[in-house]
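Q: next input, structure requested:
(one chain, ligands or ions: 2)
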Amino acid sequence: TFSPRVFSGIQPSGDLHLGNYLGAIRRFVPLQETHETIYCVVDMHAITVWQEPDALRRATREVAAAFIAAGIDPKRSIIFNQSQVGQHAELAWVFNCIARIGWMNRMTQFKDKAGKNSENVSLGLLAYPSLMAADILLYKATGVPVGDDQKQHLELTRDIAAKFNNDYAAAIAERGLGEEDGQFFPMTEPLIAGPATRIMSLRDGSKKMSKSDPSDQSRISLLDDADAIAKKIKKATTDPAELPSGIEGLAGRPEADNLVGIYAALSDRSKAEVLAEFGGAGWGRFKPALADLAVAVLAPMNGEMRRLLDDPATIDAVLRDGAERAGAIAEKTMAAVRDIVGF
Ligand code: ADP
Ligand code: NA
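A: Numbers count the residues shown, from 1 in each chain. Ligands and ions are numbered 1, 2, ... in the order given. Below is the predicted model:
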């Protein structure tokens, strides 16, 4: 059987934000207790859209610093960047030949990112989910902690794994390389849970908070200081009504739902518990309480991230050590894949 192993990645494609923290990074930490954990800075994913080389290098160190500052222990977990383990690109190519173009065309993230300009985006943007499948399956990961926006990509990862297992069933069996039920790759599950699986923009409650939207200044960055965090929360778009006393009252109120969800996630409570405390309160009471909470949670991490970023040699050493450990696992999988495929 496949041993419990977790893989997840974050793109070094701009400012890390509260959505990345609550939907992903924060949830990476406790998994260290129960799983073998591998956390990756996915720089090859980032270049599916243009990145200035120096900005990419800086953002790569920033994501690594955020991992460590959030409580991921580089000894217990593997922390590395994708481009340093060549097997990611190699397996992605094999998967490009397994996956169908129609599967890629159906991905909503591709449609969102390509917009009306889908003939003039990079081929890599279309193939993005195939590289993501390679990231996960190189380590035969059984679980991937991600935000809700990645659910469809995880389904595609399972489709690719299933087609590979099936297309090459004879070769896998002949070599005795099947694990559970003769399967070479596991059916990886997304680990999506809690009140913060999709944090929305503080400016527009219909859009997710995202690194990739440079026009949205409302995003709370993990490098924001206390003042900036408080200002952004104060300015967050809301409706005029007071907070409801139960979660049914959040229906049809996306901005209120979002802010209550953020409060719940930051305080490790449910939205119902938060509303039990704040039901009937106006924004003039709730927003300052949310700002204080956000600062209390994010400020220590912010300080640790800055300290680490002043010492890039330490970050680079963590990434080098991680790449060596990841590479050993990746090469074992890739050697078997080469043999199965007939290389
Ligand atoms: P982004 O979408 O900001 O460019 P990535 O694609 O690198 O970030 O995603 C990194 C992780 O952060 C993924 O697990 C993704 O699901 C999660 N994530 C991104 N945005 C949000 C959000 N607004 N709410 C919750 N999780 C998010
Ligand atoms: Na994303």
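
Q: now for residue 312: which residues touch it?
A: By C-beta atoms under 8 Å, 6 or more residues apart in numbering, residue 312 lies in contact with residue 61. (Each C-beta comes from the backbone N, C-alpha and C, glycine too.)

Q: give me the distance between it and residue 257.
A: Taking C-beta to C-beta, to the nearest Å as the measure, residue 312 falls 40 Å from residue 257.

Q: now do residue 243
A: Remark: distance between residue 243 and residue 257 (C-beta to C-beta) = 11 Å.

Q: between those two, which one's more packed in?
A: residue 243 (22 against 19; other C-beta atoms under 10 Å).

Q: contact partners for that one?
A: Residue 243 makes contacts with 249, 256, 260, 275, 278, 279, 280, 281, 282, 286, as judged by C-beta under 8 Å, 6+ apart.

Q: can you check residue 2 too?
A: For residue 2, the contacting residues are 140, 142, 179, 180, 186, by C-beta under 8 Å, 6+ apart.

Q: mind checking pLDDT for it?
A: Residue 2 is assigned a predicted lDDT (pLDDT) of 92.

Q: let's number from 43 now, not from 1
A: All set: I'll call the first residue 43, so the last point we hit is now residue 44.

Q: close to ligand 1: what parts of the stretch 43-192 of the chain are there?
A: 52, 53, 55, 61, 62, 65, 66, 188, 189, 191, 192 (C-beta under 6 Å from any ligand atom).

Q: for the stretch 93-242 of the chain, just list every one of the strands.
A: 120-123, 185-187, 231-233 (DSSP state E, counting those that start in this stretch).

Q: give me whichever of those strands is most buried.
A: Mean neighbour count, computed with mean count of other C-beta atoms under 10 Å, is highest for strand 120-123 among the strands of the stretch 93-242 of the chain, reaching a mean of 25.

Q: now residue 221. Nearest residue, chain neighbours left out?
A: Excluding the flanking residues, the one nearest residue 221 by C-beta to C-beta, 6 or more residues apart in numbering is residue 44, at 5.7 Å.

Q: that neighbour and residue 222, how far apart?
A: Distance of residue 44 to residue 222, computed by C-beta to C-beta: 6 Å.

Q: intersection of neighbour lists for these two?
A: With C-beta under 8 Å, 6+ apart, residue 44 and residue 222 have common neighbours residue 228.

Q: determine the longest helix present in this structure.
A: helix 354-383 (DSSP state H).

Q: off-centre distance for that helix?
A: 20 Å (C-alpha atoms, centre = their mean, to the nearest Å).

Q: and what of stretch 273-281?
A: Centroid separation for stretch 273-281 versus its chain: 25 Å, with C-alpha atoms, centre = their mean.

Q: quick one: mean pLDDT for the helix or strand where residue 61 lies?
A: Here residue 61, judged by DSSP states H and E, is contained in helix 60-62. Averaging pLDDT along helix 60-62 yields 95.

Q: after that helix, which helix or strand is next? Please name it.
A: Sequence order places helix 68-70 as the next helix or strand after helix 60-62, per DSSP H and E.

Q: what's the angle from the following helix or strand past that following helix to helix 354-383?
A: For helix 68-70, the following helix or strand on the C-terminal side (DSSP H and E) is strand 78-83. Angle between the axes of strand 78-83 and helix 354-383 is 110 degrees (criterion: axes from the mean of the first three to the mean of the last three C-alpha atoms, to 10 degrees).

Q: I am finished for the moment; much appreciated.
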